[in-house]
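Enquirer: Here is my input; please provide its structure:
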Amino acid sequence: MRIALFATCIVDAMYPKVALATVRILERLGHEVVFPQGQGCCSQMHVNSGYFEDAVPVIRNHVRAFTSVDYDVAVAPSGSCVASLGHQQPMVARECGDDALAEDAAMVADNTYELSELLVDVLGVTDAAEQLGSYFPHPVTYHPSCHGMRLLGLGDRQKDLVRSVAEIDFHELPDAEECCGFGGTFSFKNPDVSGAMAEAKLRNVESSGASLCTGGDASCLLHLGGAASKRNVDVQTVHFAEILASTRSNPLTVDGPVELSIPQPGRRPAGRTTPAGATR
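Expert: Residues are numbered from 1 along each chain as shown. Next up, the predicted model:
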């Protein structure tokens with residue numbers, strides 16, 4: 001299958017190894033990953049702040065990027081951004097009088113999956129240890145981000161994949177469904193409330209017995225990681241894609257900054273077979 005990667009702006013700018021881990025996972029399964037040039041923001045920050053007119057060129061850019069290359073499906077390591085594509089982009093384009101853009105945006109959104117959604121629903125991955133070779137022998141808990149849980153309806157897809165990693169020490173998170181307090185521009189406009197919500201989430205992470213908190217949205221992990229650092233809480237955050245990409249031969253290290261070794265691009269393995277494509 002030929003899969004287009006929507007890296008998202010926060011991953012591209014702050015956590016590029018999450019995108020590289022996503023590529024590694026998909027290539028390990030035998031798929032070809034392409035990166036549509038010119039891609040950028042999904043427009044979520046603009047829309048959430050009420051700047052619909054300013055969001056339109058951002059939406060147009062995303063549609064242009066993801067209709068300029070051939071692929072079977074697109075994927076993003078972010079429930080928040082994938083939710084924005086379907087929940088916001090067509091609505092904003094239509095509200096601003098561009099019905100053609102709304103239709104194109106809906107078409108792109110309908111063929112874009114959050115990573116766990118793609119792995120489980122399309123590619124049939126249910127056992128990360130067996131099918132991906134994932135290995136991570138560390139105490140981990142899992143925070144389900146709001147957009148993935150409430151808008152995409154991901155359920156336990158991300159958590160189940162993490163739990164299936166070889167030798168992982170998984171701890172359930174108390175009150176997991178509670179928001180971490182990020183909420184995009186909410187954290188800027190309401191910093192006191194946002195900070196208090198992060199503190200509550202960190203207390204739950206600590207009470208879980210895990211020293212690592214994983215999830216599917218870099219923005220939430222950035223928020224929690226920053227709050228932990230500010231408060232000197234011994235909790236680190238890591239995207240679930242990096243845990244799935246971790247193997248016995250190239251493990252994700254947790255001494256100091258959580259870090260996955262990504263070697264320089266080399267020759268692709270020969271002799272891969274490509275599974276039949278699927279779209280929704």
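
Enquirer: and the residue nearest to Pro137 when sequence neighbours are not counted, what does it touch?
Expert: Nearest residue to Pro137, sequence neighbours excluded (CB to CB, 6 or more residues apart in numbering): Glu167, at 4.0 Å. (Each C-beta comes from the backbone N, C-alpha and C, glycine too.) Residues in contact with Glu167, defined by CB atoms under 8 Å, 6 or more residues apart in numbering, are Tyr135, Phe136, Pro137.

Enquirer: Among those, which one sits closest to Asp192?
Expert: Phe136 (35.3 Å; CB to CB).

Enquirer: so that closest one touches Arg163, yeah?
Expert: No. The criterion here is CB atoms under 8 Å, and Phe136 misses it with Arg163 at 11.0 Å.

Enquirer: Compare those two (neighbour count), which wins?
Expert: Taking neighbours as other CB atoms under 10 Å, Phe136 and Arg163 compare with Phe136 leading, 27 against 15.

Enquirer: can you tell me how far the more buried one sits from Ser116?
Expert: Using CB to CB, to the nearest Å, Phe136 is found at 16 Å from Ser116.

Enquirer: Tell me how many other residues crowd Asp110.
Expert: With other CB under 10 Å as criterion, Asp110 counts 13.

Enquirer: quick one: contacts of stretch 175-193?
Expert: Contacts for stretch 175-193 (CB under 8 Å, 6+ apart): 44-45, 48-49, 80, 142-146, 149, 194-198, 200-201, 204, 219-220, 222-224.

Enquirer: now do stretch 45-56
Expert: 43, 58, 84, 88, 92-93, 95-96, 98, 101, 184-186.

Enquirer: Just name the closest of those residues to Tyr15, please.
Expert: Using CB to CB, the contacts of stretch 45-56 come closest to Tyr15 at Gly184, 16.1 Å.
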